[in-house]
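In: Quick one: sequence and predicted model below, then my questions.
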Amino acid sequence: MRYLICVFVLWLAFGALGAESPKVNLDEHLQAAVTAFRSGDSNKALELLSKAVKDHPKSAMAWAHRSQVHSELGKYAAAVSDADTAIKLAPEATELYQLRGEAHFRNVNIEASIKDFDEVIRRQPSREPHHWQRGISHYYAGQFANGRKQFTLHQTVNGSDVENAVFHFICTARAIDLETAKKELIPISGDGRVPMAQIHKLFAGEMSVKQVLEAAKGAGKTSRSARDRAEFYAHYYIGLYYESHGKPAQAKEHIMKAAKAADQNGYMGDCARVHAALLEKAAGRK
């Protein structure tokens, strides 16, 4: 659950910044919202946070938490709006720009997400190597050279991640050409997640799409949720593989399958859903 994680990040980042004299203690509102969300009642959490915003309209914290819950509920435009208000109240809080950048991305406003991620890095330059979300936004904005640069930099702080190697590959394929991407595929060892190791072999030309899907299906030996997660990652990265190889029909087939499981797969699920939305938008222009 993204919200439960982000609550504590924001709490540590700037505390109850901007809170008014409470009608009901702000922390009580927020704790009650977390409890409701943890119990699976997202709508109750939203109701409680709306009360917090009403009682504490000058609390950036309250607006930021409601933004997060709006995102969890798929209300991405509302998430952006609440993040806008939080930033107006606490423009010095860097983490709010990260929050809004992610909300913009989920709302399929890729260029706006990059602007906010750039602001995060301008304020805290040490975060640049770690900012893989900005690299993903570069890819979806068609800024492939920038994406290639970001994933090259991210490799210096995250050297065992197949996903970084794949995004570096697909950015290179579009920024330069496919042969260069193949030659420069980042070698990865230590990422034993199924089917990530198999996906790396797919991009290296050492495994077939069928074999990747079989490996993902085999993850169901531990649990149904493990299989579903593995199949999501298989379809998403197979879609990116086909896209990098100039096979749009096959790419769309797998991206659409991944997008159906977006809600269960965090930010990468958001990536699949955004990708699907961009494909549908492009098809509508034809």
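Out: Yep, it's here.
In: Count the neighbours of residue 122 for me.
Out: Using other Cβ atoms under 10 Å, residue 122 is surrounded by 12 other residues. Where you see a C-beta, it was placed from the backbone N, CA and C, and this is true even at glycine.
In: again but with residue 271, I slipped
Out: For residue 271, the neighbour count with other Cβ under 10 Å is 26.
In: go on, residue 115?
Out: If we define neighbours as other Cβ under 10 Å, then residue 115 has 15 of them.
In: what does the one 4 residues further on give?
Out: Under the neighbour criterion other Cβ under 10 Å, residue 119 is assigned a count of 17.
In: Please name the nearest non-neighbouring residue to it.
Out: residue 97 (4.6 Å; Cβ to Cβ, 6 or more residues apart in numbering).
In: ok now do the one you found, which residues does it touch?
Out: Under the criterion of Cβ atoms under 8 Å, 6 or more residues apart in numbering, the contact partners of residue 97 comprise 87, 116-117, 119-120, 123.
In: Equivalent analysis for residue 73, please.
Out: In this structure, residue 73 makes contact with 42-43, 46, judged by Cβ under 8 Å, 6+ apart.
In: repeat for residue 79
Out: 67-68, 70-71, 103, 106-107.
In: Now go through those residues and say which are in helices.
Out: 67-68, 70-71, 103, 106 (DSSP state H).
In: picking up where we left off before, which member of the contacts of residue 97 is positioned nearest residue 246?
Out: residue 117 (28.5 Å; Cβ to Cβ).
In: which residues of the stretch 101-250 of the chain fall in strands?
Out: With DSSP state E, counting those that start in this stretch as the criterion, the stretch 101-250 of the chain has no strands.
In: Tell me where it has helices.
Out: 110-123, 132-140, 144-154, 162-175, 178-183, 196-203, 209-218, 224-244, 248-259 (DSSP state H, counting those that start in this stretch).
In: Now tabulate these in JSON lines and tack on mean pLDDT and distance to residue 275.
Out: Listed next are those as JSON lines, based on pLDDT from 0 to 100; distance: least, Cβ to Cβ, whole Å:
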{"stretch": "helix 110-123", "mean pLDDT": "98", "distance to residue 275": "11"}
{"stretch": "helix 132-140", "mean pLDDT": "98", "distance to residue 275": "7"}
{"stretch": "helix 144-154", "mean pLDDT": "98", "distance to residue 275": "14"}
{"stretch": "helix 162-175", "mean pLDDT": "98", "distance to residue 275": "11"}
{"stretch": "helix 178-183", "mean pLDDT": "98", "distance to residue 275": "19"}
{"stretch": "helix 196-203", "mean pLDDT": "97", "distance to residue 275": "16"}
{"stretch": "helix 209-218", "mean pLDDT": "96", "distance to residue 275": "18"}
{"stretch": "helix 224-244", "mean pLDDT": "96", "distance to residue 275": "7"}
{"stretch": "helix 248-259", "mean pLDDT": "98", "distance to residue 275": "5"}
